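Peer 1: How does the following fold in three dimensions:
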Amino acid sequence: MHPIRIRYPIEIRRPLSDLLRHCETRCTTLCCGLGAIDLSPVQVASWVLVRCDSDTIADLLTQLRGLRQEAGRGLVLHCAEFNAEWTQEEFLHFLALVRRRLVDADRLIRFAGRLEDQGPANS
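Peer 2: Residues are numbered from 1 along each chain as shown. Okay, the predicted model is just below:
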């Protein structure tokens, strides 16, 4: 077991870092931290459609589980790459949000596929 540190550095690697960079549309994380990132279902779905295969999603879900475990190592978690700092609770909330957005993006993609299968609407 690792001792709890007051400030623990978190490293966010691929594929989560790829998703966050893709969603960095409002500003830059260097300037605005995570406020620069748009985690809307549409933005996440566009990353899934363009950049992912089924292994990437599985790897991302595994990564999120690992980061949840790592959250207990510090009272404040800091990620220099994304100019972000969280309490444990905030970090767990962030990870849950990413997971929810992946589920929402999957639903959106499936819905769009059903619409596409129906063909053009009759006028």
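Peer 1: Check the secondary structure at Trp86 for me.
Peer 2: Assigned with DSSP: H, G, I helix; E, B strand; the rest coil, Trp86 falls in the strand class.
Peer 1: quick one: pLDDT of it?
Peer 2: Residue-level confidence at Trp86 comes out at 95, pLDDT.
Peer 1: ditto for the one 5 residues further on
Peer 2: Per-residue confidence (pLDDT) for Phe91: 96.
Peer 1: What strand or helix carries the residue nearest to the spatial centre of the chain?
Peer 2: With distances taken as Cα atoms, centre = their mean, the chain has Val98 as the residue nearest its mean C-alpha position (3.8 Å). In this structure, Val98 sits in helix 88-118 according to DSSP states H and E.
Peer 1: What residues of that helix count as buried?
Peer 2: Under the neighbour-count criterion of 16 or more other Cβ atoms under 10 Å, helix 88-118 has Gln88, Phe91, Leu92, Phe94, Leu95, Val98, Arg101, Leu102, Asp104, Ala105, Leu108, Ile109 buried. Backbone N, C-alpha and C define where each C-beta goes, glycine included.
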